[in-house]
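S.K.: pasting the sequence and the predicted coordinates here, then a few questions.
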Amino acid sequence: MLTDRRPILLANARLIDPGRDFDGVGDVLIADGVIRDARRGIGAAGVPEGTDIINCNGMVVAPGLVDMRAFVGEPGASHRETFASASQAAAAGGITTIICQPNTSPVIDNSATVDFVMRRARDTAIVNIHPMAALTKGLAGLEMTEIGLLKAAGAVAFSDGDRSVMNAQVMRRALTYARDFDALIVHHTEDPDLVGEGVMNEGEFATRLGLSGVPNAAEAVVLERDVRLAALTGGRYHAASLTCIESLEILQRARDAGLNVSASASINHISLNENDIGPYRTFLKLSPPLRTEDDRKALIAAISSGLIDVVMSDHNPQDVEVKRLPFAEAEAGAIGLETMLPAGLRLVHSGELDLLSMIRAMSTRPAELLGLPGGTLRAGSPADLIVIDIDTPWIVDPNELKSKCKNTPFDEARFSGRVARTIVGGRTVYEHV
């Protein structure tokens with residue numbers, strides 16, 4: 001980690017700032033941990049003495065990414081990931097802020113655990129880390145947590161992680177209570193009874209592989225209920241990970257009705273489809289599962305239109321013992337901190353998504369939804385930003401990834417584009433050499 005706090009001038013760059021709908025040539029001046037200016041023609045003449053002048057040679061400068069859904073093993077599962085290892089991986093992937101999930105051991109369902117997470121992250125991580133707190137005590141889905149106290153302690157949103165709250169009355173009360181604190185409820189929309197023994201998307205491909213399927217209805221039924229509860233309560237609601245066309249139709253109706261409803265999709269679901277599972281590749285066993293190519297294309301269109309607000313990594317490290325098993329028995333989950341941006345750039349290069357929309361979904365919108373500073377290059381914003389070489393080719397080698405676990409669905413994938421430099425609080429915390 002580099003700790004130089006001299007002023008920095010990122011010169012001759014292509015600036016991408018969704019906060020201002022700006023895509024153009026310019027420079028960025030950073031001093032005292034803050035963006036002082038971002039525009040064309042700053043030049044070396046008008047910068048403070050001793051400024052570190054970095055010629056970007058046309059590379060992209062953008063706000064640092066804000067990953068809205070990542071599992072970090074602390075407390076209780078540090079063999080899977082620690083704040084230190086997750087932050088190193090995040091920095092290498094251009095992520096300057098991680099939102100960690102509450103399904104740890106113990107669960108992040110009280111102020112003391114929120115405080116522990118924040119202190120531990122502050123002491124060991126090189127990027128910003130904020131906790132989501134549990135929506136219900138012990139993630140049991142029966143009794144909501146003290147949302148007001150948890151938010152005051154530093155929780156940025158409320159979720160039961162990868163579990164769905166199936167008691168509609170509990171969800172209604174949580175949305176009502178959270179509304180009074182302007183708190184965001186983030187919900188994993190999967191009916192566990194409809195999921196049943198399913199391990200991949202229900203359809204012809206699952207049948208050919210001899211695997212039990214998960215129907216789209218498992219997601220759509222819960223989302224439909226939640227949208228109706230959001231209408232009833234006026235609470236702020238965010239669907240944690242949408243994957244299929246049916247869900248997008250429900251989300252569109254909610255938006256048309258003026259409801260305060262938003263949604264994320266994971267980089268895996270917009271980059272891959274069920275056919276990528278191929279010969280039972282367990283690194284592509286996810287929850288919710290990969291869907292069809294039509295679903296994948298619909299998700300990308302929804303990101304472009306703004307219907308889907310956020311693209312997140314859904315980083316979920318799993319060790320060899322639970323992944324190197326028959327597909328039906330393996331744990332779901334994939335790592336994604338280091339590959340979220342390169343996988344997104346693959347969609348940019350193919351013409352499926354424009355760069356401004358991608359950065360908006362990975363940085364600007366999650367920052368806005370969570371009420372966090374950042375997500376923009378505006379003067380006065382925190383100096384959390386990234387320099388991206390969007391054309392450099394490379395191949396993913398799991399052994400070189402900084403995460404503790406290596407369960408990447410992009411094993412040996414060929415990418416074009418990666419982070420050249422990551423700056424957090426005005427300090428360079430990662431530089432690709």
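M.R.: Arrived safely, thanks for sending.
S.K.: walk me through the domains of this protein.
M.R.: Per automatic domain parsing, the structural domains of the chain span 8-61+383-403+413-431, 64-370.
S.K.: and the last one, what's its mean pLDDT?
M.R.: For domain 64-370, the mean pLDDT works out to 97.
S.K.: any idea how far it is from the chain center?
M.R.: Computed by C-alpha atoms, centre = their mean, to the nearest Å, the chain-centroid distance of domain 64-370 equals 7 Å.
S.K.: picking up where we left off before, save the domains of the chain as JSON lines, and put in mean neighbour count too.
M.R.: (Glycine included, C-beta is placed from N, CA and C.) Converted to JSON lines, those look like this (neighbours: other C-beta atoms under 10 Å):
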{"stretch": "domain 8-61+383-403+413-431", "mean neighbour count": "18"}
{"stretch": "domain 64-370", "mean neighbour count": "21"}
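S.K.: of all the ones you listed, which one is nearest residue 376?
M.R.: Checking those against residue 376 by C-beta to C-beta gives domain 8-61+383-403+413-431 as the closest, at 3.0 Å.
S.K.: contacts for the longest helix anywhere in the chain, please.
M.R.: The residue-count maximum for a helix in the chain (DSSP state H) belongs to helix 217-233. Taking contacts as C-beta atoms under 8 Å, 6 or more residues apart in numbering, the residues outside helix 217-233 that touch it are 164, 166, 168, 171-172, 175-176, 179, 187, 189-191, 194-195, 198, 235, 237, 239, 242-244, 246-247, 250-251, 253-254, 257, 259-261, 288.
S.K.: ok so, going back, can you lay out the domains of the chain as TSV showing distance to residue 376?
M.R.: Output for those, formatted as TSV (distance: least, C-beta to C-beta, whole Å):
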stretch	distance to residue 376
domain 8-61+383-403+413-431	3
domain 64-370	6
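S.K.: which ones are touching residue 245?
M.R.: Residue 245 neighbours (C-beta under 8 Å, 6+ apart): 216, 294, 295, 298.
S.K.: list the contacts of the residue located most distally from the centre of the chain.
M.R.: In the chain, the greatest distance from the average C-alpha position (C-alpha atoms, centre = their mean) is reached by residue 45, at 38.6 Å. Counting by C-beta under 8 Å, 6+ apart, residue 45 makes contact with nothing.
S.K.: what bridges to residue 99?
M.R.: residue 130 (DSSP bridges).
S.K.: still on that earlier bit, residue 377 is nearest to which of the domains of the chain?
M.R.: Nearest of the domains of the chain (C-beta to C-beta): domain 8-61+383-403+413-431, 4.1 Å.
S.K.: quick check: end-to-end length of the closest one?
M.R.: Domain 8-61+383-403+413-431 has an end-to-end distance of 14 Å (criterion: C-alpha to C-alpha, to the nearest Å).
S.K.: what do you get for stretch 157-175?
M.R.: End-to-end for stretch 157-175, by C-alpha to C-alpha: 12 Å.
S.K.: for stretch 49-57, same thing?
M.R.: 22 Å.
S.K.: want to throw the contacts of residue 245 into TSV with secondary structure and distance to residue 266?
M.R.: Listed next are those as TSV, based on DSSP: H, G, I helix; E, B strand; the rest coil; distance: C-beta to C-beta, whole Å:
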residue	secondary structure	distance to residue 266
216	coil	16
294	helix	17
295	helix	12
298	helix	14
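S.K.: closest one of these to residue 6?
M.R.: Closest to residue 6, out of all of these and judged by C-beta to C-beta, is residue 298, at 46.9 Å.
S.K.: for that closest one, which non-adjacent residue is spatially closest?
M.R.: Sequence neighbours aside, residue 245 is the residue nearest to residue 298 in space, at 4.8 Å (criterion: C-beta to C-beta, 6 or more residues apart in numbering).
S.K.: how far away is that neighbour from residue 277?
M.R.: Shown here: residue 245 relative to residue 277, a distance of 20 Å by C-beta to C-beta, to the nearest Å.
S.K.: same deal with residue 395?
M.R.: From residue 395 over to residue 277 the distance is 21 Å, taken as C-beta to C-beta.
S.K.: same check on residue 95?
M.R.: For residue 95, the distance to residue 277 - C-beta to C-beta - is 26 Å.
S.K.: what do you get for residue 300?
M.R.: 20 Å.
S.K.: tell me who's in contact with the most centrally placed residue in the chain.
M.R.: Closest residue to the average C-alpha location of the chain: residue 312 at 2.4 Å, with C-alpha atoms, centre = their mean. The neighbours of residue 312, taking C-beta under 8 Å, 6+ apart as the test, are 67, 68, 69, 70, 241, 264, 265, 266, 267, 340, 362, 366.
S.K.: residue 283 now?
M.R.: By C-beta under 8 Å, 6+ apart, the neighbours of residue 283 are 323, 334, 407, 408, 409, 411.
S.K.: so it, which state does it fall into?
M.R.: Secondary structure state of residue 283, per DSSP: H, G, I helix; E, B strand; the rest coil, is helix.
S.K.: surely residue 280 touches residue 325?
M.R.: No. Under the criterion of C-beta atoms under 8 Å, residue 280 is not in contact with residue 325, lying 10.2 Å apart.
S.K.: now the helices for this structure?
M.R.: 83-92, 111-124, 147-153, 168-179, 192-195, 204-209, 217-233, 245-256, 267-271, 293-305, 320-323, 340-349, 355-359, 365-370.
S.K.: now the ones you listed in CSV, with distance to residue 426?
M.R.: Output for the helices of the chain, formatted as CSV (distance: least, C-beta to C-beta, whole Å):
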stretch, distance to residue 426
helix 83-92, 14
helix 111-124, 16
helix 147-153, 27
helix 168-179, 34
helix 192-195, 45
helix 204-209, 49
helix 217-233, 39
helix 245-256, 37
helix 267-271, 28
helix 293-305, 30
helix 320-323, 38
helix 340-349, 21
helix 355-359, 20
helix 365-370, 17
